[in-house]
Structure formats: C-alpha cells, structure tokens
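Undergrad: pasted the sequence and its predicted model underneath.
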Amino acid sequence: MLNTASLSLDQAPPISIPFRFFITAPLFGLAAGLLLLIYGPSLLLTRWSPMTLGLTHLITLGMLAMVMCGALLQMLPVLAGSRVPAVVPVGKTCHLFITAGTGLLVFSFITGGDSANLFGLISLAVGIGLFFFAIAVALLRVKQVTHTVTAMRLALVAFLITLMFGLLLGSGVLGAIGFGHIAPLVDVHLGWGLLGWIGLLLVGISYQVVPMFQVTPEYPMQIRRYLAPAIFLALLIWSVLMLGVIFNWFSAIVPRLWMLLILPGYMLYAVVTLRLQRQRKRRVPDITMQFWRNGMISILLGVAIWIAGNVSEVIANSPQYHLLLGVCLVVGAGLSLVNGMLYKIVPFLSWFHLQNRQLSLMCMTVQVPNMKEFISDKAARLQFNCYFLSLLFLFAAVIKPAWFAHLAGLLFLISNLLLFKNLAMAMSRFRATSQALDEYMIDSKAE
C-alpha cells in the first residue's frame, strides 16, 4: 500500500505536462541506438570525437535531463506543495525548446554545422533558462523546506552552472580568445551535470520515492540532512581547484584528491539505498528494484573505475578510461535509475489522476486500471533485459569496439523502442479511461 499522506496531490499539474517529457526521452534513446548501430566502433575510440559528443548529449540531454525536467515539474508541486507558475505554457515551451535545442546541438556535432550549433545553443538557453526561472520561483515559495526541497534547490543551481559551462564551451568563445585549457572545463561541465544536476536531483527525489514505492524504511536523518549540501559544497570547491590548475596555481593532483571527498558521498548513498532495499517490507518481486539495484551497483563500479584511473597513470592515459567511466555513470547509473522511476511514476500518475476524476464524478461504472495494468511486469522485465544486455555490450564495446559496438547499438535501440512502447501503452490506457469518464459526464448531464 502506497503511503501518500505527505503528498500534496491536489497541486499536481495536468498529466500531459510531465508525459510529454517522458515520452520524448526514449525517442532520443532510439536516435542514440541508431547512431551507434550505424557508426559503431568510430564512436568508441575517444571521448573527444564530435560523433561521440553527439551520442553523449543524446543520452545526457535528450534522455536524462528530459526525464528529470518532467519529473521536477510534476514532483515539486506534489512533494513540496508549491505550484510551478503558469505550468502548462511553461512546460510546453520548455519541452519545445529543450527538444529542438538538443536535436540541433547533436546535429551540429555530427555534421559540423555552425548554424545548427548556434540555434541549438540559443534554444537550450531559452528552454533551460525558462525552466530554471519557473522552478526557482516555485522553490522559493515553498513554506515547509524538507530535505528533498533542499536537494532540489541545489540540483537546480547545478543545472544552471552546467548550462553556463556548456554554452561557454559550445559557443567557441574560449577558443576565440586564445583560451587553450578546454579539457578541465569540460570535466567541470560534466561534473556539474552528472554529480550536481542529475545526481542531486535523484538523491532528493529518492528520499521520497524509494520509501513510498519500494516500501522501505526512511533514509537515515543524517543522510537526508547533510548529503546533498555536502556534495554541492564539495563540487563548488572542486570547481575552484580545477580553475586553479588552469591558471597554474597548483598541481592537477589537488582537485583529484579533493574529488575523493565527493565520490564517497555517492558511495554512501548507493550502499544505504541497497541496505534499505534489503529491509523492504513488501517482498513481492518488482522489476523496478532491478533497475535501482543496477543503478546503485553502477555508481559503486564507477567510483572504483575513477579511483583506478587516479592510482594508475597507465589506466588514466588509456582512451578507454573515460569511455568506461561515462558508460558506467551515464548509461549504467543514470539511465537505470531514470527507467526505474518511469515505471513507477507513469503508472502512479495515470492511476492517481483517473481515480481523482472517478471520485469527483462518483462514477463507479468506469473501471480505473490499477498500476500494474498500465505497464505490466512482463513488459517492463523484457525492456530491462534488453537494457541490461545493451549495458554489458557497451562495456565490451569500449574494450573491443569492432566486435561489440554494432550489437550494443542494436540492443540499446531495441531497449528504447520497448520503453517507448510501454510508455505509449500506459498513456493510451489513460486516454481510453479518461474518454470513458468524459462520456459518463456527458451522459449524466444529458439526464
């Protein structure tokens, strides 16, 4: 039984707002899989290849950021009881500009088109800027600041910092003024995007969704109170240290050592989450648990890979090092947790909105599907198996691109095709039931 007592469900925006973000994400995943299927090994030789950068942004912007934007528009009013101002026009506008901006940016990476790059950066700046402003207003209006709200606030600032570094790097301004130290700033951009925006938001949301949907005990109070602020502060200091390396104030080893204070925070989060899942009160098998466990294990594996790269210069100088780290954190951790969230949030939102309408109309003749009927366990399990195989073959493809890259792309494409089908099926069942309630309302008025 879900515990929704602490949720402000009456504050939820129209379901079409988060759904448009959720259904768009697997479409970018299809594009990423198709790109890998066609170009294969050439995408897994170095992280600096324009094609590789395009593939990376298809997943980070097109999938991870897309889902997290939709989730924040939905979860902020529900978890914090604060409405996003003008949520319908804001949601539609942000979705349009972020989608167009991501597509244009990726197209510019693949083709080298300057116009596509310019318009892509402008679109992303408008879409993310409007999103930041609307969410910031809602967060400032929150009356009861919970630990989840604190993590959301910090994640939003991290999103803005990520955007600023991305625009700076993508605009070519640094190269035009003779700024040659691009690589460290790319690392800062990635750090704020993955460890700041995506990481902190997932941490904050998990304080609510893990106990609610997975029926586990609450996260320890010390974790909820200090983890997100500590990671954010550590990222700020790390960024300053990285700038210090650029201006030759001190050795590159200093920010590397400092990162050892950031990564244990996520290790602790992963270990605690796994422990809470072992203590769950409801022992019924749940496919979303596998997504979450895979995500937590991927976090731990990513930290291990990072430590190995900083202990061994041979590993650090290998082109496979950063690619393995990216696959582990972006595809292994990020996408796994996002998939697990979608398989709970989409059925729950569908059931909740329909049940509210059913009760308000006092209509017992139209049956509202339960959460399992929106997306079946069998359909979700099939998609998980394809996703997990694609992850394994991606790891293998980093080591042997010629052998495994095309197969990894095919499996990733199939995984996202199945995800799209599952989400579309849930939305179709929602629309069918909603239409039946509309017809009941019309018939009632006619009588």
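TA: Okay, I see it. Quantities reported herein were computed from a predicted structural model and do not represent experimental measurements.

Undergrad: biggest helix in this structure by residues?
TA: helix 401-446 (DSSP state H).

Undergrad: which elements pack onto that one?
TA: With contacts taken as 3 or more CB pairs under 8 Å, 6 or more residues apart in numbering; DSSP states H and E, helix 401-446 sits against helix 16-39, helix 336-361, helix 371-374, helix 377-399. C-beta here means a position set from N, CA and C on the backbone, and glycine is covered the same way.

Undergrad: center of the chain - which residue?
TA: Geometric centre of the chain, nearest residue: residue 64, 3.1 Å, by CA atoms, centre = their mean.

Undergrad: give me the contacts around stretch 23-34.
TA: 55, 58-59, 61-63, 66-67, 95, 99, 102, 106, 338, 342, 390, 409-417, 419-420, 423-424, 427 (CB atoms under 8 Å, 6 or more residues apart in numbering).

Undergrad: now which of those would you call buried?
TA: 55, 58-59, 61-63, 66-67, 95, 99, 102, 106, 338, 342, 390, 409-417, 419-420, 423, 427 (16 or more other CB atoms under 10 Å).

Undergrad: hmm, back to that, closest one to residue 441 among the helices and strands packed on helix 401-446?
TA: helix 336-361 (5.8 Å; CB to CB).

Undergrad: rewinding a little: using JSON lines, lay out the helices and strands packed on helix 401-446 together with mean pLDDT and distance to residue 247.
TA: Listed next are these as JSON lines, based on pLDDT from 0 to 100; distance: least, CB to CB, whole Å:
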{"stretch": "helix 16-39", "mean pLDDT": "94", "distance to residue 247": "36"}
{"stretch": "helix 336-361", "mean pLDDT": "85", "distance to residue 247": "36"}
{"stretch": "helix 371-374", "mean pLDDT": "86", "distance to residue 247": "54"}
{"stretch": "helix 377-399", "mean pLDDT": "94", "distance to residue 247": "33"}
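
Undergrad: which residues of the stretch 151-300 of the chain fall in helices?
TA: In the stretch 151-300 of the chain, the segments counted as helices under DSSP state H, counting those that start in this stretch are 173-176, 182-191, 199-214, 221-246, 253-278, 287-311.

Undergrad: and those helices, which is most packed in?
TA: helix 199-214 (a mean of 23; mean count of other CB atoms under 10 Å).

Undergrad: how far off helix 221-246 does it point, in degrees?
TA: Going by axes from the mean of the first three to the mean of the last three CA atoms, to 10 degrees, helix 199-214 is angled at 160 degrees with respect to helix 221-246.

Undergrad: related to what we said a few turns ago, and what about the residue nearest to the centre of the chain, helix, strand or coil?
TA: helix (DSSP: H, G, I helix; E, B strand; the rest coil).

Undergrad: hang on, it packs against residue 199?
TA: No. Look at residue 64 against residue 199 with CB atoms under 8 Å: they stay out of range, at 10.4 Å.

Undergrad: of the helices and strands packed on helix 401-446, which is nearest residue 261?
TA: Among the helices and strands packed on helix 401-446, helix 336-361 comes nearest to residue 261, with 22.9 Å by CB to CB.

Undergrad: gap between the closest one and the chain center?
TA: When C-alpha coordinates are averaged (CA atoms, centre = their mean, to the nearest Å), helix 336-361 and its chain have centres 18 Å apart.

Undergrad: in that helix, what counts as buried?
TA: For helix 336-361, by 16+ other CB under 10 Å, it's 336-354, 357-358.

Undergrad: list the helices and strands it packs on?
TA: Using 3+ CB pairs under 8 Å, 6+ apart: helix 336-361 touches helix 16-39, helix 66-80, helix 199-214, helix 287-311, helix 371-374, helix 377-399, helix 401-446.

Undergrad: try 7 Å
TA: For helix 336-361, the packing partners by 3 or more CB pairs under 7 Å, 6 or more residues apart in numbering; DSSP states H and E come out as helix 16-39, helix 66-80, helix 199-214, helix 287-311, helix 371-374, helix 401-446.

Undergrad: for the stretch 101-250 of the chain, give me the ranges with low pLDDT.
TA: 171-181 (pLDDT under 70).

Undergrad: relative to helix 336-361, how tilted is the longest helix of the chain?
TA: Going by the same axes, to 10 degrees, helix 401-446 makes 10 degrees with helix 336-361.

Undergrad: follow-up on the earlier one: distance of the residue nearest to the centre of the chain from residue 159?
TA: Relative to residue 159, residue 64 is positioned 11 Å away (CB to CB, to the nearest Å).

Undergrad: just how off-centre is stretch 77-88 within its chain?
TA: For stretch 77-88, the distance to the chain centre is 20 Å (CA atoms, centre = their mean).

Undergrad: same thing with stretch 359-370?
TA: On CA atoms, centre = their mean, the centre of stretch 359-370 falls 33 Å from the chain's centre.

Undergrad: likewise for stretch 404-416?
TA: 20 Å.

Undergrad: next: stretch 233-240.
TA: Counting by CA atoms, centre = their mean, stretch 233-240 comes out at 22 Å from the chain centroid.

Undergrad: can you start the count at 32 instead of 1 from here on
TA: Yes, from this point I'll number from 32; that puts the last item at stretch 264-271.

Undergrad: ok, residue 406 touching residue 458?
TA: No. Using CB atoms under 7 Å, residue 406 is not in contact with residue 458, being 10.2 Å away.

Undergrad: and the helices of the stretch 182-331 of the chain as CSV, adding distance to residue 49?
TA: Shown next, in CSV, are the helices of the stretch 182-331 of the chain (distance: least, CB to CB, whole Å):
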stretch, distance to residue 49
helix 204-207, 35
helix 213-222, 26
helix 230-245, 13
helix 252-277, 22
helix 284-309, 23
helix 318-342, 17
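
Undergrad: what about residue 112, neighbour count?
TA: By the criterion of other CB atoms under 10 Å, residue 112 has 20 neighbours.

Undergrad: that one and residue 298, how far apart?
TA: The value you get for residue 112 to residue 298, if CB to CB is used, is 32 Å.

Undergrad: just residue 45 next, same as before
TA: 39 Å.

Undergrad: contacting residues around the closest residue to residue 426 other than its chain neighbours?
TA: Using CB to CB, 6 or more residues apart in numbering and skipping the chain neighbours, the partner closest in space to residue 426 is residue 358 (6.0 Å). Residues near residue 358 by CB atoms under 7 Å, 6 or more residues apart in numbering: 425-426, 429.

Undergrad: mind doing that once more with 10 Å?
TA: 75, 90, 329, 333, 336, 351, 364, 422, 425-426, 428-429, 439 (CB atoms under 10 Å, 6 or more residues apart in numbering).

Undergrad: residue 70: neighbour count?
TA: 19.

Undergrad: quick one: it and residue 432, what's the gap?
TA: Residue 70 is 10 Å from residue 432, by CB to CB.

Undergrad: that's all I had, so thanks and see you.
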